[in-house]
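Participant: I would like the atomic coordinates for the input below:
(2 chains)
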Amino acid sequence: MANAKGDFIHLSAIVGRKVFLADHTVLGRVKDLAVDISKFYPPVVSLAVGSNGKLLSVSWTDFSDKTGYVLKDGVTRGNLPEFKIGTGQLLLDHQILDKQILDMSGVKLVRVNDCLMLGTDTSLLLTHVEVGFRGFLRRLGFEKPFVDFVKWLFGYDLRDELVPWREVHVIPVETTFYGQQVKFEVMPEKLTKLNPAQLADVLEELGVEEQKAMIESLEPEDAADVLEQASEKVQVNVISAIDTETAADIVEEMSQSEAVDVIASMDDEKAMEILSEMEREDAEDMQELLEHHEDSAGGHMTTAYMAVKVGTKIVDAVASFRSQADELDVWNYIYVIDEPGHLVGVASIRELLAGADTADISTVASAPTLTFGPETPVSEVAESFKKYGIRGVPVVDDSNKLIGVVAFKNLMESAFGEGD
Amino acid sequence: MNPPASTRRRAINWTIFFAVLGPGIITAMVDNDAGGISTYSAAGANFGNAFLWSLIPIMLALILVQEMSNRMGVVTGKGLAALIREKFGVKITFYLVLALLVTNFGNVLAEFAGIAASSQILGLKASFCVPAGAIFVWLMAVKGSYKTVERVFLFACLFYALYIVTGFLAKPDWGAVARDTAIPTFSFNTAWLAMLVGIIGTTIAPWMQFYQQASVVEKRIPIEQYRYSKYDTIIGGIVVTVVAYFIVVVCSATLFNNGVQIDTAAQAAEALAPLTSQYASILFAIGLLSASLFAASILPLSTAYTVCEALGWEAAVDRKFAEAPQFYLLYTLLILFGAGIAMIPGINLFSIMLVSQIINGVLLPIIILFILLLVNDREIMGEYRNGPITNTISVIAMILVGIAALVMVVFTMIDLFR
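Facilitator: Sure thing, here's the model as predicted:
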């Protein structure tokens, strides 16, 4: 093989073209191309060629040259295997073309108009997807006249808009191809490189199936990060759509206040299913919060706060704060409770850190001046935030037992929305 | 005491209902645009109560087709153009959308012509009202968010109640009206048939499926709340029919009974003044003005949205100009040319309208076919596919609508080449 250099070929030029046997009789038409997406540049594993009502599998090396029209001597209709889609493979025409993909460099959804392939003597590789208008015109068969016209009239070169394959993320939706189930796993590590807020914006734009697929392809904690940034409508839609076990895993990873809002807006039946799949402790906390009315302090409080028992050493309090910091909704204050759980003191984190390591927590904590019952209207709680400039208010029951904390942040979110 | 969670959720059902409400009603309202009002006026003035009965089966067909595309929007979260492209490929989508662009542009022209005609009847200068209207609708989409736009439109829907008021002012013989609604009458002469297919064609139009589906997608209505969305569609269908019904009744009781023949809504409004009261004429004209204005903003919006969706360009009211340049360019051009051409003194829009109607008539059966194929696709719709009964009824209704659309194409062709 003298020519190791390859030529670029458009997918639109291959799909639908006739394939000839060595004696120049027609074998059939190319229906689709299956690529192996585990490689950096996915190679075409097989071309699905429709021939007399059957779907045959032709490999790139079956062709006599890299133009991909005429098959080698000895390749016959009889010795070509039937086309079967394998795992880890992607059908370019069926699953990529005309579908939306995620362009990772710009973090936006784009519709694929064409694909660019590199054909050598030994392989045909997928290198880019084309998302520009030129690819669209090519598919319609107007590329040359239109491009020439624009060049003549405006002196403007209509260029290809290419996204390199390494920047492409395909949203894996299940589908069938000539009766075969096509299921493919994408490389989720691509998505985790993006920040959750950007992914949430993409999520908002996706179709229902695609939203589901994207969230399911992420690890629960990453999925939770993304969902927390999404609008409540999308949160509820996605959590209701995915299977209950995954949904429960994701809800457990979400911040408690977000999770409660989502569960509260869901269908009762589905909400119960998810709660029953969750770890018992989490589910019980959640259920308790769900009981409270939306317009009361109880409806807005969280149990993801930090409380220590009377007599705890400051060094131990700091250590346990450090270990829980990730999961806390309220991180400005540490609450001191007695053995039965009555609220006896509050310390700010600044006071806590300023205290001597070996001293008792009570040396820095002061008696709580402001507490609310769960029935207190939200407006009153909001008023106190404004008046005292504090970040969190403890909620206690009739016997002064600490049952939750309303965090400033959560109250703001429910009052003003999350900017959707 | 805290109310238990279950009662809390039952109590907010009305909240959900009003939150979901919108796409179906707005689509239906835009359906009663300048062209629609003209057709219904002509039906009443030239044929009396003869077509009152037909509005009910047409309403059912309208609800059927809108419900299907509405359901597809909720289930898939994708617009109709995107679904057609993903399923049937780029070529057919392109030509469909191109045809939609042309026929919708014809409609936009008609809306601005409607603004011009109605403002003249109200004693306002058309040369002021048309550009002012164009700027108003343009600003609303460019500066407003989806929520504000929807609110303005829902409010504008109230103007249609004017037709009902006019209906009572015209003092029709309600007994005769009731009888003619309940008992269908057929004539089978060419004029009668042309009028019937005209009513069907103006009531069920291709842009409506694209627009309503896009709106429910934009609203992100969850599938659990689908029944509310269905009510929205049904209410829309009923309201559009009630308005059409009253227009027919008014024109029948006044113009038909006095032997006045008309072709357009503006002629109807003018002819009303000497026959009933000045108020009826003014109310009719205000109704026409608001309907035209309303449709003049929705139609270009819907058209630009659909084209961008099909071609893969960014499109949304919530985007800034720089984020969706093609969308805003297309939207602006549609309004600019629509208003510009309608303002050319002495222009006759008749042949442009006929061409637009022909394309409309050819497009409708194709879109309906695609909708039926998509809504029955297991991969796309899963458990929300049409059931066997719905499917049978839909297919029969859609075949009838398709035939009517094609018959209208033939009549319009004859008109055009005469």
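Participant: show me where the stretch 1-150 of chain A has strands.
Facilitator: A:7-10, A:18-20, A:26-36, A:44-51, A:54-58, A:89-91, A:100-103, A:108-111, A:114-119, A:124-130 (DSSP state E, counting those that start in this stretch).
Participant: where does the prediction get shaky in the stretch 151-300 of chain B?
Facilitator: B:276 (pLDDT under 70).
Participant: tell me the spacing between residue B:65 and chain A.
Facilitator: From residue B:65 across to chain A, the span is 21 Å (Cβ to the nearest Cβ, to the nearest Å). Placement of C-beta: from N, CA and C, glycine included.
Participant: just residue B:311 next, same as before
Facilitator: In terms of Cβ to the nearest Cβ, residue B:311 sits 6 Å off from chain A.
Participant: that residue contacts residue A:139, doesn't it?
Facilitator: No: in this structure, residue B:311 is not within contact of residue A:139 by Cβ atoms under 8 Å, at 10.9 Å.
Participant: next, format the strands of the stretch 1-150 of chain A as a markdown table and append mean pLDDT.
Facilitator: Listed next are the strands of the stretch 1-150 of chain A as a markdown table, based on pLDDT from 0 to 100:
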| stretch | mean pLDDT |
| --- | --- |
| strand A:7-10 | 88 |
| strand A:18-20 | 89 |
| strand A:26-36 | 89 |
| strand A:44-51 | 88 |
| strand A:54-58 | 88 |
| strand A:89-91 | 87 |
| strand A:100-103 | 86 |
| strand A:108-111 | 86 |
| strand A:114-119 | 89 |
| strand A:124-130 | 90 |
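Participant: indicate which one of the ones you listed is closest to residue B:322.
Facilitator: strand A:108-111 (13.5 Å; Cβ to Cβ).
Participant: show me what from chain A comes close to chain B.
Facilitator: A:98-99, A:110-111, A:113, A:131, A:133, A:136, A:139-140, A:175-176, A:206-211, A:231, A:233-234, A:236-237, A:240-241, A:264, A:266-268, A:270, A:290-294, A:296, A:298, A:374-375 (Cβ under 8 Å from any Cβ of the partner chain).
Participant: list only buried entries from the residues you listed.
Facilitator: A:98-99, A:110-111, A:113, A:131, A:133, A:136, A:139, A:175, A:206-211, A:231, A:233-234, A:236-237, A:240-241, A:264, A:266, A:270, A:290, A:292-293, A:296, A:298, A:374 (16 or more other Cβ atoms under 10 Å in any protein chain shown).
Participant: just the residues of chain A next to chain B: which are in helices?
Facilitator: A:133, A:136, A:139-140, A:208-211, A:233-234, A:236-237, A:240-241, A:264, A:268, A:270, A:290-291, A:298 (DSSP state H).
Participant: how far does stretch B:69-79 sit from the chain's center?
Facilitator: Taking the mean of its C-alpha atoms, stretch B:69-79 sits 19 Å from the chain's own mean (Cα atoms, centre = their mean, to the nearest Å).
Participant: for stretch A:379-391, same thing?
Facilitator: 36 Å.
Participant: before we move on, what about stretch B:161-171?
Facilitator: For stretch B:161-171, the distance to the chain centre is 21 Å (Cα atoms, centre = their mean).
Participant: can you tell me the residue of chain A closest to chain B?
Facilitator: Nearest residue of chain A to chain B, counting by Cβ to the nearest Cβ: residue A:111, 3.0 Å away.
Participant: now that residue, nearest residue through space, not along the chain?
Facilitator: residue B:312 (3.0 Å; Cβ to Cβ, 6 or more residues apart in numbering or on different chains).
Participant: before we move on, what about residue B:360?
Facilitator: That would be residue B:103: by Cβ to Cβ, 6+ apart, it lies 4.4 Å from residue B:360.
Participant: do residue B:222 as well
Facilitator: residue A:237 is the one closest to residue B:222 (Cβ to Cβ, 6+ apart), at 4.7 Å.
Participant: from residue B:254, how far off is residue B:365?
Facilitator: Between residue B:365 and residue B:254 the computed distance is 36 Å (Cβ to Cβ, to the nearest Å).
Participant: er, residue A:225 actually
Facilitator: Distance from residue A:225 to residue B:254, by Cβ to Cβ: 66 Å.
Participant: and these two? Which one has more around it.
Facilitator: Higher neighbour count among residue A:225 and residue B:254: residue B:254, with 25 against 21, using other Cβ atoms under 10 Å in any protein chain shown.
Participant: ok, now which ones touch the more buried one?
Facilitator: Neighbour list for residue B:254: B:170, B:260, B:271-272, B:275-276, B:280 [criterion: Cβ atoms under 8 Å, 6 or more residues apart in numbering or on different chains].
Participant: selection in PyMOL covering whichever of those residues are buried, please.
Facilitator: Here is the PyMOL selection string for the buried members of the contacts of residue B:254, based on 16+ other Cβ under 10 Å:
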select buried, chain B and resi 170+260+271+272+276+280
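Participant: columns distance to chain A and secondary structure on top of the contacts of residue B:254, output as a markdown table?
Facilitator: Shown next, in a markdown table, are the contacts of residue B:254 (distance: Cβ to the nearest Cβ, whole Å; DSSP: H, G, I helix; E, B strand; the rest coil):
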| residue | distance to chain A | secondary structure |
| --- | --- | --- |
| B:170 | 45 | coil |
| B:260 | 50 | coil |
| B:271 | 49 | helix |
| B:272 | 46 | helix |
| B:275 | 52 | helix |
| B:276 | 49 | coil |
| B:280 | 45 | helix |
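Participant: what ranges of the stretch 51-200 of chain A fall below the confidence cut-off?
Facilitator: In the stretch 51-200 of chain A (pLDDT under 70), the answer is A:184-189.
Participant: do the stretch 301-418 of chain B as well
Facilitator: By pLDDT under 70, the low-scoring segments of the stretch 301-418 of chain B are B:316-320, B:350.
Participant: which residues of it fall in helices?
Facilitator: Counting by DSSP state H, counting those that start in this stretch, the stretch 301-418 of chain B has these helices, from start to end: B:325-343, B:350-375, B:378-381, B:388-417.
Participant: could you list the buried residues of the shortest one?
Facilitator: When you say that, I think you mean helix B:378-381. In helix B:378-381, counting by 16+ other Cβ under 10 Å, buried: B:380-381.
Participant: near chain A at all, that helix?
Facilitator: Yes: residues of helix B:378-381 are located near chain A by Cβ under 8 Å from any Cβ, namely residue B:379.
Participant: just the CA coordinates for that helix, please, in CSV.
Facilitator: This file holds the C-alpha atoms of helix B:378-381, laid out as CSV (Å, rounded to 0.1, in the frame of the first residue of the first chain):
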residue,chain,number,x,y,z
ARG,B,378,-43.2,3.6,20.0
GLU,B,379,-39.7,4.8,20.2
ILE,B,380,-40.7,8.4,20.4
MET,B,381,-44.0,8.3,22.3
